[in-house]
Each structure stands twice: as C-alpha cells, then as structure tokens.
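Asker: Here's my sequence, what's the structure:
(one chain, ligands or ions: 2)
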Amino acid sequence: MIARRDMRVRLAARRELSPSCFLLELVTDTPFEAQPGQFGMLACRAGRDPFLRRPFSLAAVGARGEGTVCELLVKEVGRGSRALRELAVGGELQLLAPLGRGFDLATPEGGRLALVAGGIGLPPLLFAAERLAAAGQPFDLFLGAATAAELLLVERCQRAVGAVGGELVLATDDGSRGERGVITEALARRWASGAAYATALACGPTPMLAALTQLARSWGLELQLSLEEPMACGVGVCLGCVVDGADGRRVTTCKEGPVFRASELAARWWQ
Ligand SMILES: Cc1cc2nc3c(=O)[nH]c(=O)nc-3n(C[C@H](O)[C@H](O)[C@H](O)COP(=O)(O)OP(=O)(O)OC[C@H]3O[C@@H](n4cnc5c(N)ncnc54)[C@H](O)[C@@H]3O)c2cc1C
Ligand code: FES
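Answerer: Numbering: from 1, shown residues only. Ligands and ions are numbered 1, 2, ... in the order given. Next up is the predicted model:
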C-alpha cells in the first residue's frame, strides 16, 4: 500500500476545458506515487472557507525533478470547486493523498479491458488509460457526455488508446459528437458484435453505473466501479460515505473504495 501524505501543493497551471470544467496541474516537492482510482482530499482555499476539504480523483501522478506533478480534472459545482477556478497560478493549497483503493488493472493473458467514463467520471479512467498505455496493456475507452462540449480531453484519450491499438468510442446524449445516446448503449453494441472484454472499469453518474451493472451481470463481465459518494473526512472516520455491501456490512467508500467490484456491493444499492 502507498502511504498517504498531507502535502503543500502549488498550482503550476490551469487549463479551461469547457464552460464548467478545467484541468489543474499541481506540483509538490514531496515524492509520492498513486494507483489509478485513488483520490486526494484538497483544501480548496487557504483559510477555513470552505471548512471541509473536497475529494478529487487523481487524473495523473508522475515524478517531476525531486518532487511530483499531479493533475486534477474539476467540474465547477459549488464553493470549493469555484475557489479552485479562481486560485491564481502560483497559489498554494494542502492535499492529502493518495487515498482509498484504486482499480485492479491486472488482466488475464491476452485479455482486454473496457474503460467506461461518463462526464466528469473521466479523471480516474484517464489515469488508468495512460498507465495501461505505458505498460502496453490493451484496452478500449468508452467516453460519454451530454454534449460535444462536455467530452473532455478527447485527443489525449485518443493518444493513450492509440498507443495500444485500442478504440476510443465517443457518445453524446444529443448526438453532437460520436454515437447518439448514452455510452452504455455504445458498449452494448460493441458487445453484441463480438467484442469480448475481460473486465470493465467505470466511473460516472449513478444511473450510468446502475445500467452498466445490469449489463455486466447479464454478460457475466467482471466490473469495477469508482463511486463518488459525498465525503467529509476521506479517511474512514466520519462514516459519512458508507454504502451497503453485498455481505450486509456498511462499507466506507473513502477507505474500502472508492473502487469496488460490483459483486462487493448490495444489489439494492443500484435500485
Ligand atoms: C472519490 C471522489 C472522487 C471525485 N472526483 C472528482 C473529480 O475528479 N472531479 C470532480 O469535478 N469532482 C469529483 N468528485 C466530486 C467532488 O468531490 C464534488 O463535486 C466537490 O466536492 C463539490 O464541492 P463544491 O464545494 O464545489 O460543491 P458543494 O457546494 O459542496 O456542492 C455543490 C453541489 O454538488 C453536490 N455534490 C457535492 N459532492 C458531490 C458528489 N460527490 N457527488 C454528487 N454531487 C455532489 C452537492 O450536493 C451540491 O448540490 C469526486 C468525489 C469523490 C467522492
Ligand atoms: S468520508 Fe469520512 S468515513 Fe468516508
């Protein structure tokens, strides 16, 4: 397990990606590593407003000099994410990372992974895609959003997929880019035409994860889901993020997740 650290991070760059989403490049002198699917708790502003840190999936983590560069892909939805949009380049924040359990990227010999991202569910799957590309492990990436403007970092996704000869499948609800309809329908079409996957990894809105769980069950496909339950502490103390587990236990999303095998979660969680 990789030890978590509470680090001072500096905003090195921010790139606007859509009217509501932006990419943050954070640098720290602290060397640290992380697994795709792990997250960090970020103090979004110096001082006490907002009081609680906010959870964000790590979209990329790599060495830079003696320290580390870490990327977050953020959608502005409220006070914390707005503060991140307003933070001046060079500004400093506090980040506790890496936290939680990430994706298991191991595949059987010759097996292929399906990565499925809905909207702002992309960050942990982008991290997984770039790791898989670097390791030469084959995968296809399914990326869905409401409109073309909300499909994020498409060229970067294409580069990662292209490095291992995989397919990038795009879908939008309004048909403005890629296939028309939701991304789970695009996956179902590939499955029906013979695409056989060893495992699917997914992050996105709950209805997308629920639809995918039903499909994966009917296909006998192993599925790992990254859940985004609201979190207060991020380290298993407040119990604010618990969901029902398959064995009747209440499981903490922050510590035992955020990535779960679908079979570890109670069926009623999806209804
Ligand atoms: C493990 C994990 C990873 C995440 N990764 C990312 C990421 O990579 N990029 C990203 O943009 N967001 C991510 N989120 C969601 C992100 O944490 C919230 O959007 C953020 O905390 C909102 O803070 P805020 O102060 O801007 O908004 P707030 O003022 O706290 O909330 C604004 C609105 O967003 C709703 N909201 C807050 N948190 C969540 C949530 N977790 N799920 C659904 N609705 C929520 C609130 O109910 C409210 O309606 C992740 C959440 C978790 C638990
Ligand atoms: S967020 Fe506090 S226990 Fe998970």
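Asker: Helix or strand: which one has Leu96?
Answerer: Using DSSP states H and E, Leu96 maps to strand 92-99.
Asker: what distance separates that strand from the middle of the whole chain?
Answerer: Between the centre of strand 92-99 and the centre of its chain there are 16 Å (Cα atoms, centre = their mean, to the nearest Å).
Asker: send the alpha carbons of it over as PDB?
Answerer: The C-alpha trace of strand 92-99 is given here as PDB (Å, rounded to 0.1, in the frame of the first residue of the first chain):
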ATOM      1  CA  GLU A  92      -0.600  27.100  -2.700                       C
ATOM      2  CA  LEU A  93      -3.100  24.500  -1.200                       C
ATOM      3  CA  GLN A  94      -3.000  21.400   1.000                       C
ATOM      4  CA  LEU A  95      -3.600  18.000  -0.500                       C
ATOM      5  CA  LEU A  96      -3.900  14.700   1.500                       C
ATOM      6  CA  ALA A  97      -3.200  11.900  -1.000                       C
ATOM      7  CA  PRO A  98      -3.200   9.200  -2.200                       C
ATOM      8  CA  LEU A  99      -6.400   7.800  -0.500                       C
END
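Asker: Pull out the buried positions in it.
Answerer: Residues of strand 92-99 classed as buried: 93, 95-99 (neighbour count, 16 or more other Cβ atoms under 10 Å). C-beta here means a position set from N, CA and C on the backbone, and glycine is covered the same way.
Asker: Give the closest residue to the residue of the stretch 1-150 of the chain found nearest ligand 2 in space, chain neighbours not counted.
Answerer: Going by Cβ to the nearest ligand atom, ligand 2 is nearest to Pro55 of the stretch 1-150 of the chain, at 7.7 Å. Residue nearest to Pro55 in three dimensions, not counting chain neighbours: Met231, with 4.7 Å by Cβ to Cβ, 6 or more residues apart in numbering.
Asker: ok, how many other residues are close to the one you found?
Answerer: 22 (other Cβ atoms under 10 Å).
Asker: got it, and Gln137?
Answerer: The number of residues packed near Gln137 is 17, by other Cβ under 10 Å.
Asker: How about Cys233?
Answerer: Neighbours around Cys233, by other Cβ under 10 Å: 19.
Asker: now the one 4 residues further on
Answerer: By other Cβ under 10 Å, the residues close to Val237 number 11.
Asker: May I have the phi/psi pair for it?
Answerer: Main-chain dihedrals, Val237, degrees, to the nearest 10: phi -100, psi -40.
Asker: next one: Ala200
Answerer: Dihedral angles of Ala200 (phi, psi; degrees, to the nearest 10) stand at phi -120, psi 140.
Asker: in the stretch 151-271 of the chain, which spans are helices?
Answerer: Shown for the stretch 151-271 of the chain, the helices assigned by DSSP state H, counting those that start in this stretch span residues 154-162, 183-192, 206-219.
Asker: what domains does the record give for this structure?
Answerer: Domains of the chain are assigned by automatic domain parsing as 5-99, 113-226.
Asker: circling back to that earlier point, to Ala60, which of the helices of the stretch 151-271 of the chain lies closest?
Answerer: Ala60 sits nearest to helix 154-162 of all the helices of the stretch 151-271 of the chain, at 9.6 Å, using Cβ to Cβ.
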